[in-house]
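Student: Here is my input; please provide its structure:
(one chain, ligands or ions: 1)
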Amino acid sequence: MTPLFKAEALSVKLDGQTVLAQVTLAIMPGEIVTIVGPNGSGKSTLLRAIIGAVPPAGGTLTVRPGLRIGYVPQKLHVDSTLPVTVLRFLSLPKRVSRSEAAHVLELAGAQNIASKQLSELSGGQLQRVLLARALLAKPELLILDEATQGLDQPGSAAFYQLVGDIRDDIGCAVLMVSHELHVVMASSDRVICLNGHICCEGHPAHVASAPEYRALFGSGTGGALALYRHDHDHEHSHKHEHVE
Ligand SMILES: Nc1ncnc2c1ncn2[C@@H]1O[C@H](COP(=O)(O)OP(=O)(O)OP(=O)(O)O)[C@@H](O)[C@H]1O
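Tutor: Next up is the predicted model:
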């Protein structure tokens, strides 16, 4: 199978400073990959390099020609004085039909809020609308940059569960940045721990116990990890592979 994109020994400089060095990474169709790493470790820069917003300073980045990418930003700052309904927002800047809008809202679990004003949505509802908007591109690769910032833990868990369901529905790969390894681990196939370079990678449980990860994040989430795994096994045992 051909990867959707492949970075080989990729380095990126911003303002003359090396932000990413020797990053080698490929994403296969349908895979869910999560990038974790401390603040300033280059996570957003890596996503921006993949979508072509920053040029490589070294190495190579090969993106499959014509790859359809959907991008979900961290946050949308909504001007509450500007009246825009969810349906209208989906038609900006390019008009979409009502049925297309209804379809992506349904995929994103937001079908009952189509006629609401953007300004009256909760944080979790707004993120679902942003996700719906990214789905309009019929993405083969969905990129999420800390898309659950500001959501509480159950809200984040529900959101990542939804992302996993969408992958199952439309078969897209997902590349996302999250600080919440304990929340995303149930829906990720692979986790990459980044700190300017790739420190460690692999199955979520492997990364959580890797010395490089523990050195960066401590082992304080151990209890939460165990608890989440436990809950997850019970709630969703019909759908996902389990972390043993
Ligand atoms: N436009 C820019 N010009 C110069 N330096 C930048 C620019 N954007 C980011 N940086 C620097 O590059 C480094 C990596 O930033 P980046 O935003 O990729 O990290 P991050 O891992 O996404 O951080 P966070 O978790 O805080 O969002 C940081 O040291 C940052 O200060």
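
Student: What residues does the chain have near the ligand?
Tutor: Within the chain, the residues that sit near the ligand (Cβ under 6 Å from any ligand atom) are Leu14, Asp15, Val19, Gly37, Asn39, Gly40, Ser41, Gly42, Lys43, Ser44, Thr45. Any C-beta I mention is one placed from the backbone N, CA and C, and that applies to glycine too.

Student: Show me how to select, in PyMOL, the buried members of those.
Tutor: Per 16 or more other Cβ atoms under 10 Å, the buried members of these correspond to this PyMOL selection:
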select buried, resi 19+37+41+42+43+44+45
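
Student: Now Val163, what are its backbone angles?
Tutor: phi -60, psi -40 (degrees, to the nearest 10).

Student: Same check on Thr62?
Tutor: The phi/psi pair for Thr62 (degrees, to the nearest 10) is phi -110, psi 120.

Student: isn't it right up against Leu4?
Tutor: No - in this structure, Thr62 is not within contact of Leu4 by Cβ atoms under 8 Å, at 9.9 Å.

Student: quick one, what contacts the closest residue to Ile166 other than its chain neighbours?
Tutor: Excluding the flanking residues, the one nearest Ile166 by Cβ to Cβ, 6 or more residues apart in numbering is Leu107, at 5.8 Å. Residues in contact with Leu107, defined by Cβ atoms under 8 Å, 6 or more residues apart in numbering, are Ala132, Leu135, Ile166, Asp169, Ile170.

Student: do Gly123 as well
Tutor: Taking Cβ under 8 Å, 6+ apart, one finds Gly150, Leu151, Gly155 in contact with Gly123.

Student: about what we covered before: so which of Thr62 and Leu4 has more stuff around it?
Tutor: Leu4 (23 against 13; other Cβ atoms under 10 Å).

Student: my read: the more buried one touches Leu67, true?
Tutor: Yes - using Cβ under 8 Å, Leu4 is in contact with Leu67, at 5.7 Å.

Student: shared neighbours, these two?
Tutor: Common neighbours of Leu4 and Leu67 (Cβ under 8 Å, 6+ apart) are Glu140, Leu141.

Student: just the buried members of the contacts of Leu107?
Tutor: In the contacts of Leu107, the ones that pass as buried (16+ other Cβ under 10 Å) are Ala132, Leu135, Ile166.

Student: Go ahead and confirm Thr85 touches Glu120.
Tutor: No - counting by Cβ under 8 Å, Thr85 stays clear of Glu120, with 9.9 Å between them.

Student: ok, and the closest non-adjacent residue to Gly124?
Tutor: Gly155 (4.6 Å).

Student: show me the contacts for that neighbour.
Tutor: Gly123, Gly124, Thr148.

Student: Gln74 too?
Tutor: When contacts are counted by Cβ under 8 Å, 6+ apart, Gln74 touches Asp145, Glu146, Ala147, Gln149.

Student: and for stretch 78-94, what are the contacting residues?
Tutor: 96, 98, 101, 104-105, 110, 113-119, 121, 126, 129, 132-133, 136.

Student: still on that earlier bit, can you redo the buried ones among the contacts of Leu107 as TSV with pLDDT and secondary structure?
Tutor: Output for these, formatted as TSV (pLDDT from 0 to 100; DSSP: H, G, I helix; E, B strand; the rest coil):
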residue	pLDDT	secondary structure
Ala132	95	helix
Leu135	96	helix
Ile166	94	helix
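
Student: between those, which is closest to His77?
Tutor: His77 lies nearest to Ala132 out of the buried ones among the contacts of Leu107, by Cβ to Cβ, at 18.1 Å.

Student: hang on, that closest one packs against Val104?
Tutor: Yes - assessed by Cβ under 8 Å, Ala132 is found in contact with Val104 at 4.2 Å.
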